Each structure stands twice: as C-alpha cells, then as structure tokens.
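Participant: okay, structure incoming, though there's no sequence with it:
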C-alpha cells in the first residue's frame, strides 16, 4: 500500500469521526453516529497492519509489521477488559466508567509519547520534543485526574472538595515544577528528566482534581476528555499521522464546547469550577439544623394526596436510580394517568451525576419520551401543579441555589418545585445531596417527607393507590 | 509534513469540532461525551505504530501497556455508548 492510499484511508476515518460527532448531537441519528465512529476507528486500526511504515530514516519497512504477536496480544487483553466492563456496567455507574475510559486514553497517549521519545533519541526536532512534553504532561494529568474523579464518583473517597492547609501553594508549586522540568526536557534531552516530568504531572493531576466538589465532577470529566483529545492530536504530530491530528483536535474542540455547555447548564463558570475550591469551603450542616421539625408522612398519606391531584410532576434524581426504582416510578405514573391525572417528569439537565444522565436512566425503564419535560418547559407549570414528587433528588430542587449567595450550588438553575401546592420528598434520610448542602425546602410546611428506600416507598404508594 | 499543512489541519479541525456539537441538547450530553471519549481511543493507532518500531524491551513493554489502555478506551467506549443509545432509540419508536 502506498503512503498516498494509506493517507486517503486515514482521511476517510477522519470523516467518519466528524460524521460520528455530528450524529451524536441529535437524538434521531445518535446511535448511527456512534456506529460510524466505531467504523472509522476500525478502519484506522486495520489499515496500520497493511502499510509498510517508513522507519526513522525514511526507508520502507517490511510487512508484517514488527512485534505483531505482542501487538495483537495486547489488543486482545484490552478487548477482554474493555468489553465486559462496558457490557456489565450499571447505567447508574456510567459517569465513573466514562471517567475511567478517558483516563486510560490519556495514559495511553502519554506512554506513546514516552516510547517515541526513547525511540527518536537525539533525532527528535525541538518541535517534536515540545509536542512530546505536552503529551506527557497533559496525558498524565488526564490519567491521574480521571482516576481521582472515578474514585469520587464511586464514593471510594469523599465527594466533598478535599482542601488542605496550604493546598493552593502545593498545587501552584507543583505546576511551577512541571513547567520547569518541561523546560529541562526540551533543553537537555534525556530519559530521566522525562520520567520525572511524568511523575510530577501525575501528582499535579491528583492535586488538581482533589479540591473539586462532587457537583462539579462531571465538568471536570468533560474537560479532561477534551485534554486527552489534544494529547492525541500532539501525538499525531510527532508520529506524522494526519488521522490522529484530526481525531484528537475534533475531540479537543468539541469537548471544550461541551464542557462549556455543561458549565452553563449548571450555572457554573468554568473558572469557578476549577479554582473555586481555592476559596469556597463546603458549608457543613449545623447540629441545630438537624433538630428542626419536619413533616413526615406514610405511604397512605402520599397516595391520598396523589389521588386528589389534577397535575403531578415527578422529579427523579440519582437516588431513584440507586434504588433501581425506575420501573416502579413508571408504574406509579401509569396508574396516575389511568386515573386521569396529568403526569410529567421534570428532568433537570444535570439530574443524576452527569448532564443527560437521568434521560439515559429513564430510557432504560421505557418511560415514554413525551412525558419527559426539560427544566425550562416544566418550571413555569409548577404554579398549576398540585403535587411535586421529588424522588431521590435534592440539589436540583434546592432553593439555596437561588437564595444563598456563596453556597456551592449558588447560581445553578433549579426545578422550582417549591411553587407547587404540595411537595413530597422520597428520601432515605435527612442526609444532604451530592453537593453536601442543606435543603431548606425539607422544612417547608407544605413539604411531606416519606422516608425509606425509594423503591420500597414507591411500591407501598402504588399499592395504597390501587386500594383507593 | 509541512508545518503549514499541519497548522491548517489543526485549525480547520478545531472549527469543525466546535461546529458539530454547538447545538446539542442536554439530553445527549452523556452519550456525546462518551462517544467523543471513544474517538480519542484512536490513539491505539499511535500505540501500534510505536510498538512496531520498538527496539528495546523497555520501549516494547511501554507500548504494549499503551495498546492495552488504548484498546480499553476505544472498544469499551464505543460499546458503552451504543448501549446507552440503544435505549434512547427504543424509546423514540414508542413515542411515534
């Protein structure tokens, strides 16, 4: 295969990626878009095995490519790890998995850059070394940062911002060290400085993500995703692969836009997300707050309230998914509709742990699409709503986002359930939500709390309703 | 490759990247992020290239690790995105 044909095939793979992203932006074409992306990736990977790559002196090498057994074996191992992980993961754990996949991609880019650096040795041009340094730094940051986001989402570690005394100086110091060692690698070529650089970058990735609070984690995942894209583009430059430049840049650019859109949906400035933890500290619920009276009800009370409602809005949150109550909530909605009650689901853009996550979770339970209302649609209707049932959600209905400047979610648009005539919270306990903030609405006189596992509570409400 | 060619490719790809996702609804943010994530798994191509011209055991070892990680990223990413979107599709049909 000539270099020209090889490049043409690479270009077609690049076009596949563009079409994939385009397709993924619209619900109708999303699945086809993803398959086109997979096709592009398959083409790009297969063609490598049939192209006699020029070596570093420009002479064509012979086919089959060297180390073929190792390469195929490693791909088999990667497939055996990746496919079962992707097939088995619970929809509730999707954000973690995306973070993890992104992290390994960043790690792979960093390793590729290190190997190519070792291989080129003193033959590398300054521009290539700079691209290598960029890939190693950003790839390592993406890798270790993603691992930390994974641990936060999996709740292996605390979801609250981790802020330690002098933390900002440690972070700033590490950043300065990373930049200093980068300069060292560029001027004095050597393996040792590059490995030190990799280690420092890994450390920086950890320090960078630790102070980020739970609610902002999705934004960080998206940002790291864009970062990894850029490292792939830089690797493409070093390896002289147009395809990698195109694919990496596409992901870098679209990822940046996506990060911004997410930040907007959450009412967060990107800067505030990344550096807010330097100043803001999570407000702990005071002991006195927990002593305040709340009105808790029984499943029968809830059923009666629902039975006499004309319009009910269901606000599902992550707690619903954790309890695997998607199917039960659908049963409840069907029952209410059968009684002639107007039912809608109010979906906050960041309900769940990631923008759009709740739509995925409800889709899993076959909730009809037309019942899902986006925040902007549903908010003006709360005034005519008799009952709002908040199931396992907290932060997305917390009025503090509108009333308490300085709280971690201040400025985030919320579902204004407090405008409904009655609010029912299905909660496991009085524990605050993922962002770790107290919710005043829980103490409101028109709020009724039904404590317990969301699925168990809903099942009881459903049977009580049937008995009415 | 000519530097200007590389810069042109880069700049044009930035614009295309901005353009294609500029109007996506928040419903699709999760699958889109996951799909874009899978696309950067194409670093697998780079990992295979460096593995094929690895000369020392260190180079080979690191590139084998890179291939494993990149394959997880790419194949796992596309499979999981498809799983998510499959459910969306079923729902769309029901709606019509």
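Facilitator: In hand now; what should we look at? Here the structure is a predicted model, which is why all the values come from computation and not from measurement. Residues are numbered from 1 along each chain as shown, chains lettered A, B, ... in the order given.
Participant: and the most centrally placed residue in chain B, what element?
Facilitator: Nearest to the geometric centre of chain B sits residue B:39, at 1.2 Å (CA atoms, centre = their mean). Remark: residue B:39 resides in helix B:29-39, with elements defined by DSSP states H and E.
Participant: the helix or strand that that helix is followed by: how far from the chain's middle?
Facilitator: Proceeding C-terminally, helix B:29-39 gives way to helix B:43-52 as the next helix or strand, assigned by DSSP H and E. Relative to the mean C-alpha coordinate of its chain, helix B:43-52 is positioned 15 Å out (CA atoms, centre = their mean, to the nearest Å).
Participant: who are the packing partners of helix B:43-52?
Facilitator: Applying 3 or more CB pairs under 8 Å, 6 or more residues apart in numbering or on different chains; DSSP states H and E, one finds that helix B:43-52 makes contact with helix A:30-48, helix A:68-88, helix A:94-120, helix A:217-238, helix A:242-265, helix B:57-71. Any C-beta I mention is one placed from the backbone N, CA and C, and that applies to glycine too.
Participant: quick one, which of those helices gets closest to residue A:416.
Facilitator: The minimum distance between residue A:416 and those falls on helix A:242-265, with 16.0 Å, by CB to CB.
Participant: tell me the angle of the closest one relative to helix A:30-48?
Facilitator: Here the directions of helix A:242-265 and helix A:30-48 differ by 150 degrees (axes from the mean of the first three to the mean of the last three CA atoms, to 10 degrees).
Participant: which parts of helix A:242-265 are buried?
Facilitator: Going by neighbour count (16 or more other CB atoms under 10 Å in any protein chain shown), the buried part of helix A:242-265 is A:242-263, A:265.
Participant: same question, stretch A:299-310
Facilitator: Residues of stretch A:299-310 classed as buried under the neighbour-count rule (16+ other CB under 10 Å) are A:299, A:301, A:302, A:303, A:305, A:306, A:309.
Participant: got the buried residues for stretch A:458-468?
Facilitator: Residues of stretch A:458-468 classed as buried under the neighbour-count rule (16+ other CB under 10 Å) are A:458, A:459, A:460, A:461, A:462, A:464, A:465.
Participant: pretty sure residue A:211 sits against residue A:162.
Facilitator: Yes: assessed by CB atoms under 8 Å, residue A:211 is found in contact with residue A:162 at 6.1 Å.
Participant: those two: which is more packed in?
Facilitator: Counted by other CB atoms under 10 Å in any protein chain shown, residue A:211 and residue A:162 do not tie: residue A:211 has more neighbours, with 22 against 18.
Participant: can you give me the distance of the more buried one to residue A:35?
Facilitator: With the distance defined as CB to CB, to the nearest Å, residue A:211 ends up 39 Å from residue A:35.
Participant: right, is the helix holding residue B:39 up against chain A?
Facilitator: Yes: counting by CB under 8 Å from any CB of the partner chain, chain A has neighbours in helix B:29-39: B:29, B:30, B:31, B:32, B:33, B:34, B:35, B:36, B:37, B:38, B:39.
Participant: list the contacts for the last one?
Facilitator: Residues in contact with residue B:39 (CB atoms under 8 Å, 6 or more residues apart in numbering or on different chains) are A:17, A:20, A:21, A:37, A:40, A:41, A:229, A:247, A:250, A:251, B:77.
Participant: rerun at 7 Å
Facilitator: For residue B:39, the contacting residues are A:17, A:20, A:37, A:247, A:250, A:251, by CB atoms under 7 Å, 6 or more residues apart in numbering or on different chains.
Participant: would you mind giving those residues as TSV with pLDDT and distance to chain B added?
Facilitator: Shown next, in TSV, are the contacts of residue B:39 (pLDDT from 0 to 100; distance: CB to the nearest CB, whole Å):
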residue	pLDDT	distance to chain B
A:17	93	5
A:20	91	6
A:37	93	6
A:247	93	5
A:250	93	4
A:251	93	5
